[in-house]
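J.: Next comes the sequence, and after it the predicted model I'd like to discuss.
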Amino acid sequence: MDIKIISSSGELYLNDKLDVEFYKDNEKEFEIIQQIILMLNIRQGELVYNTNYGLSYKILFEGHGNNINQITEHIRNQILKYFNKEIKSILSIEREWSGEHMRELSFKINLTFWNNKSYALEGVNIFG
């Protein structure tokens, strides 16, 4: 059984494998940001334990990424699907540049946590 204790100074988390983690609020936010960046570089089906985690290669790179609205909506949906307990909203996702080949995408993602702190992730790269 997982146990999470939240206080004004941070969060204590005990999971069923007897791991103990303590996060202050800003440390937890950076941990979530790191997890989001990791998720953006995993393709659906790559992880044995969860085939839905990650982004669809078909949406990102087939058709050479021409439909930017579909790509940004897919990124938004995946982040909110897996981090809805931490992320309140995604204010914007903007494509910054594309690498030499169409298998490299870069985005700027503005998001807000439930504690109303906002962060801008710039230069978030997604490789095909």
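T.: Received, thanks. Residues are numbered from 1 along each chain as shown.
J.: can you pull out the strands in this structure?
T.: Per DSSP state E, the chain carries strands over the ranges 3-7, 10-14, 20-23, 87-98, 104-113, 118-127.
J.: where's residue 124 relative to residue 38, distance?
T.: 11 Å (CB to CB, to the nearest Å). (Glycine included, C-beta is placed from N, CA and C.)
J.: If you count surrounding residues, which of these two has more?
T.: Using other CB atoms under 10 Å as the criterion, residue 124 and residue 38 rank with residue 124 on top: 19 against 11.
J.: Identify the residues contacting the residue nearest to the more buried one when sequence neighbours are not counted.
T.: In space, and not counting its chain neighbours, residue 124 is closest to residue 107: 4.8 Å by CB to CB, 6 or more residues apart in numbering. Contacts for residue 107 were tallied using CB atoms under 8 Å, 6 or more residues apart in numbering; they are 72, 75, 93-96, 121, 124, 126.
J.: so residue 107 bridges to which residues?
T.: Beta bridges link residue 107 to residue 95, residue 124, judged by DSSP bridges.
J.: for this protein, what are the low-confidence residue spans?
T.: 1-26, 48-52, 63-66, 97-103, 128 (pLDDT under 70).
J.: Neighbours of residue 118, how many?
T.: Count around residue 118 with other CB under 10 Å applied: 11.
J.: my read: it touches residue 92, true?
T.: No: the criterion here is CB atoms under 8 Å, and residue 118 misses it with residue 92 at 10.8 Å.
J.: can you list residues touching both of these two?
T.: residue 110.
J.: re the thing from before, out of the contacts of residue 107, grab the one that's most surrounded.
T.: Highest neighbour count within these, by other CB under 10 Å: residue 75, with 23 neighbours.
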